[in-house]
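> pasting the sequence and the predicted model now:
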Amino acid sequence: MEKRKEELKDAKIKQDNEVEIKGKDEKLDEKNEKIIKEMEEKIVELENQLKEFENYARILKSQFENYKKDVQKEKDQIVVTVTGRIVEKFITVIDDFKRAFGNVEEEVKDTNFFKGVELIYKNLKKILDNLGLKEIKVGDKFDPFEHEAVEKVEVEDKEEYSIIEVVEDGYKFKDRVIKPAKVKVTVKPRR
């Protein structure tokens, strides 16, 4: 009987332990569920923050790319402006060469000195052309955006504001007129 008492006692202890473990398991399950729920909420919060950071990074990258493009455009514009100002200073030299060549006597044209000066002029002109300097082509009609009328000549048989003579060449730099061509134009006689 004692053996039976011990077995009953052991069974009772075992049952009590199972109840105790089951209670603890239920408390653990509740605690775990609460922790899992908190973790899931935290994950959702972190995912939302990650999306915000990704959007912010995308916007920041786009703004930086635009900034780089703007800075490059500005640099390019500065280079064009500075080059244009330098080229503009050489226009008087080109005009002086042209005037000098127009007044050269025939005997001088065959000298080595003249040929050397002519070569220097051609090289200077080529360099300026490569930088973007272009001579304004003068047609028959006066264009106030490219020409400057320095003299008006009364003529009956020609259309008004026809160009009859180019007094001084004009120049453009990168499609911007930096020196208009000076021309003589026709006008109808006054009556």
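Here it is on my side, so go on.
> so which helix or strand takes in the residue most central in space within the chain?
Nearest to the geometric centre of the chain sits K73, at 3.1 Å (C-alpha atoms, centre = their mean). Element membership for K73, per DSSP states H and E: helix 2-102.
> cool, P144 as well?
Take DSSP H and E as the rule and P144 turns out to sit in neither a helix nor a strand.
> and what of V150?
strand 147-154.
> can you list contacts of the helix or strand following that strand?
Remark: after strand 147-154, the chain's next helix or strand is strand 163-168, criterion DSSP H and E. Residues from elsewhere that reach strand 163-168, judged by C-beta atoms under 8 Å, 6 or more residues apart in numbering: 95, 138-142, 147, 150-151, 153, 155, 158, 181-186. (Each C-beta comes from the backbone N, C-alpha and C, glycine too.)
> which among the residues you listed count as buried?
In the contacts of strand 163-168, burial by neighbour count holds for 138, 142, 147, 181-186, counting by 16 or more other C-beta atoms under 10 Å.
> in strands only, show me these.
Residues of the buried ones among the contacts of strand 163-168 located in strands (DSSP state E): 147, 181-186.
> can you put these in CSV and add distance to L131 and pLDDT?
Converted to CSV, these look like this (distance: C-beta to C-beta, whole Å; pLDDT from 0 to 100):
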residue, distance to L131, pLDDT
H147, 23, 92
A181, 20, 93
K182, 23, 93
V183, 25, 92
K184, 30, 91
V185, 31, 90
T186, 35, 88
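> any regions of the protein where pLDDT drops low?
1-5, 7-28, 191 (pLDDT under 70).
> could you rerun that using 80?
When residues are selected by pLDDT under 80, those of the chain lie in 1-30, 190-191.
> could you pull up phi and psi at R176?
phi -120, psi 130 (degrees, to the nearest 10).
> what is the burial count for it?
For R176, the neighbour count with other C-beta atoms under 10 Å is 11.
> doesn't R85 make contact with it?
No: counting by C-beta atoms under 8 Å, R176 does not reach R85; the two are 11.7 Å apart.
> got the contact list for the residue nearest to the centre of the chain?
Contacts of K73 by C-beta under 8 Å, 6+ apart: none found.
> if I look at it, how far off is D175?
Applying C-beta to C-beta, to the nearest Å, the value for K73 to D175 is 17 Å.
> good, we can wrap up now.
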